[in-house]
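A.B. asks: Quick check, what structure comes out for this input:
(chains A and B)
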Amino acid sequence: MADVLATSAIPRSLASDRARSRRALDRLMTGVLWTAASSIVLLLLIFFGYEFLQGYREISWHFLTGYPSASDAGGGVGPEIFNSFYILILTLIFTVPLSIGAGVYLQEYAGSGRFRDLVQFSAESLATVPSIVMGLFGLLIFVQTFHWHFTAIGGALTLTLLNLPSLMRVTQEALGSVSDSFREGSMALGATKWQTVVKVVLPSAIGPLTTGIVLVSGRIFGETAALVFTAGASVSYGKSAYDFNPFHTAETLSVHLWSIHREALVPDADQIANGSALVLLVMVLVFNIVARVVGRQLTIRLTGKS
Amino acid sequence: MMATVQTQQPPLPTTGEKMKVENTDIFYGTFRAIKNANLSIPDRRVMALIGPSGCGKSTFLRALNRMHDLTPGARVTGTITLDGTDIYGADVDPVTVRHRIGMVFQRPNPFPKSIFENVVYGPRIHGENNHSKLAEIAERSLRQAALWDEVKDRLERSALDLSGGQQQRLCIARVLAVNPEVILMDEPASALDPIATSKIEDLIGELKRDYTVVIVTHSMQQAARISDFTTFFLLGDLVEVGTTSDIFTRPKDKRTEDYITGRYG
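C.D. replies: Down below sits the predicted model:
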């Protein structure tokens, strides 16, 4: 023992200046990093607080359920809120099975090969297309070539193209996080690949999958550019504010926010925009919170993991 | 210079052959991990596979229930039969092979489900849906795996809350629930503490009355305690096979002798 110590011949002071300054730097950097992290919380609070103060006066039952007005003050955003949810659900109906199917195939079945690389490359290319370009594509295909004009379904299909790659990626990552030992354990009990995927792998990945789906939902809810050209910037005036026909025009809340700023004739356009922005913001925040809660609950329910 | 480990009991006279491995090579890509192995696995006995790390004993074990099918690049040649039928035959379904030849892994791998759902996973995927039947299978399997008394009051709790040793016995119960004929074990106790290990070893002693057990172990003492027959692997060669007492007291091959006396690995 003594020999070992003797090799560090110069006695080191426990409270040298060098040690002190190093510790000071360490503390300083911890503080800098803490500031960076907490500034994110602060920015969210400032942003949300500002939007709240701008918009809360506009929020009323009438505003949330009423029809928009063409030229008078006091129009509502009822159909827009409905359309936002309607297009969201339509989009999810197309996006979820397609992207989870593709993700499961790539992660569980494809192994490594040319077809896998091709799908992966296509998805990554699709992911880099700006939403406005996707909107123009939707305009060409659904609105003009198919003669659907501006429709909820055209908007939903365009949003499907836009969100397919990211949800596929989410699926791949969620499945990738499932331990191979579960797959081996299931196969060793005589399960087929399909049984293994459905009964062990997907339930084990349900937490990150749900979180991914709800986060994508938030993005669909807020998407604007792609919808202006495909679902249109006006609502259909049918028997009620809630029009379930997917072949009718369907302006969403975010598109409304854009259009009212740009071309509205109503005198209270600014107030409506502020109110709409607040509603939109609250909805997206709710999606984020729901994503966390549901993801965690499902994980506990299906896997018993807390 | 002979090893002084005592074998548990003289081996029982063999009852016949459950599996037979002939002229088998196993490749990972171009690497030849097992070279021309030949082995007869007796029915309802414990066969231990021993050898230094990397000798190919786990690779060999995984060939016995076609787990290599899941590893890209792995290839098994030669013939491996179960009751005379080649399990790699063209018309043989690997899923059926794994139904009849179960496997317990090195690390306990219970599914992230309840204890009950873990045990009945196999019966469920093989089409059993009757709840009282499943409950019956669960109790029988858990009793066989000597785990029933510890978990009977919390079958709905997550299997992940169990200790490592309990998880491993649950994995054994899970295999027993599908009624296999052969149980392969890949160092099932290596991640466990001594008490859990001895429980698993006792269990293996019980299992051989009804099942053929092939167990990979890196512990020679364990092989001596629990097995009737022992096979020694070295660098991909199946060097020697014999009754456990012969292998440990009268090895024929110099390499086997060096290994069990601690001069190798």
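
A.B. asks: so where's chain B shaky on pLDDT?
C.D. replies: Low-confidence regions of chain B, defined by pLDDT under 70, span residues B:1-15, B:264-265.

A.B. asks: Could you tell me which residues of it lie near chain A?
C.D. replies: For chain B, the residues in contact with chain A under the definition CB under 8 Å from any CB of the partner chain are B:65, B:67, B:70, B:72, B:95-96, B:98-100, B:102-103, B:105, B:107, B:109-114, B:121-122, B:124-126, B:157-161, B:171, B:174-175, B:178. Yep, even glycine has a C-beta here, placed from its N, CA and C like the rest.

A.B. asks: What subset of those is buried?
C.D. replies: By neighbour count, with 16 or more other CB atoms under 10 Å in any protein chain shown, these hold B:65, B:67, B:70, B:95, B:98-100, B:102-103, B:105, B:107, B:109-114, B:121-122, B:124-126, B:158-160, B:171, B:174-175, B:178 as buried.

A.B. asks: Just to be sure, which of these are found in helices?
C.D. replies: Secondary structure defined by DSSP state H assigns B:Val95, B:Arg98, B:His99, B:Arg100, B:Tyr121, B:Gly122, B:Arg124, B:Ile125, B:Cys171, B:Arg174, B:Val175 of those to helices.

A.B. asks: farthest-separated two in these?
C.D. replies: Spatial extent of those (CB to CB) is set by the pair B:Val95 and B:Cys171 at 19.1 Å.

A.B. asks: Between the ones in helices among the buried ones among the residues of chain B next to chain A, which sits nearest chain A?
C.D. replies: For chain A, the nearest member of these is B:His99. The distance, counting by CB to the nearest CB, is 3.2 Å.

A.B. asks: tell me which helix or strand of chain A sits lowest on mean pLDDT?
C.D. replies: Ranked by mean pLDDT, DSSP states H and E, the helix or strand of chain A with the weakest confidence is helix A:2-6, at a mean of 51.

A.B. asks: any idea which element B:Arg32 lies in?
C.D. replies: When elements are assigned from DSSP states H and E, B:Arg32 belongs to strand B:31-42.

A.B. asks: what packs against the following helix or strand past that strand?
C.D. replies: Next along the chain after strand B:31-42, taking DSSP H and E as the criterion, comes strand B:46-50. Using 3 or more CB pairs under 8 Å, 6 or more residues apart in numbering or on different chains; DSSP states H and E as the contact criterion, the neighbours of strand B:46-50 among helices and strands are helix B:57-63, strand B:212-216, helix B:220-226, strand B:229-234.

A.B. asks: Give me the three-state assignment for residue 75.
C.D. replies: In the absence of a named chain, this looks at chain A. Secondary structure state of A:Gly75, per DSSP: H, G, I helix; E, B strand; the rest coil, is coil.

A.B. asks: Oops, wrong one, chain B.
C.D. replies: B:Arg75 ends up strand, using three-state DSSP.

A.B. asks: Find the residue closest to it in space, skipping its chain neighbours.
C.D. replies: Beyond its immediate neighbours in the sequence, the residue positioned closest to B:Arg75 (CB to CB, 6 or more residues apart in numbering or on different chains) is B:Phe27, lying 4.5 Å away.

A.B. asks: Pass me the low-pLDDT residue ranges in the stretch 1-150 of chain A, would you?
C.D. replies: For the stretch 1-150 of chain A, applying pLDDT under 70 flags the ranges A:1-15.

A.B. asks: in it, what residue is nearest chain B?
C.D. replies: Nearest residue of the stretch 1-150 of chain A to chain B, counting by CB to the nearest CB: A:Gly111, 5.6 Å away.

A.B. asks: and what of the stretch 101-250 of chain A?
C.D. replies: For the stretch 101-250 of chain A and chain B, the shortest gap (CB to the nearest CB) falls at A:Gly190, measuring 3.2 Å.

A.B. asks: got a list of what that residue touches?
C.D. replies: A:Gly190 makes contact with B:Val95, B:Thr96, B:Arg98, B:His99, B:Arg100, B:Gly122, B:Ile125, B:His126, B:Val178, according to CB atoms under 8 Å, 6 or more residues apart in numbering or on different chains.

A.B. asks: Mind pulling the model confidence for it?
C.D. replies: According to the predicted model, the pLDDT of A:Gly190 comes to 92.

A.B. asks: So it versus A:Ala123, what's the distance?
C.D. replies: Separation of A:Gly190 from A:Ala123 (CB to CB, to the nearest Å): 34 Å.

A.B. asks: One more: A:Asp243?
C.D. replies: Going from A:Asp243 to A:Ala123 by CB to CB gives 33 Å.

A.B. asks: what do you get for B:Ser227?
C.D. replies: According to CB to CB, B:Ser227 stands 51 Å off from A:Ala123.

A.B. asks: ok, those two, which is more surrounded?
C.D. replies: When B:Ser227 and A:Ala123 are compared on other CB atoms under 10 Å in any protein chain shown, the one with more neighbours turns out to be B:Ser227, at 29 against 20.

A.B. asks: surely that one meets B:Thr212?
C.D. replies: No. Counting by CB atoms under 8 Å, B:Ser227 sits too far from B:Thr212 to count as a contact (12.0 Å).
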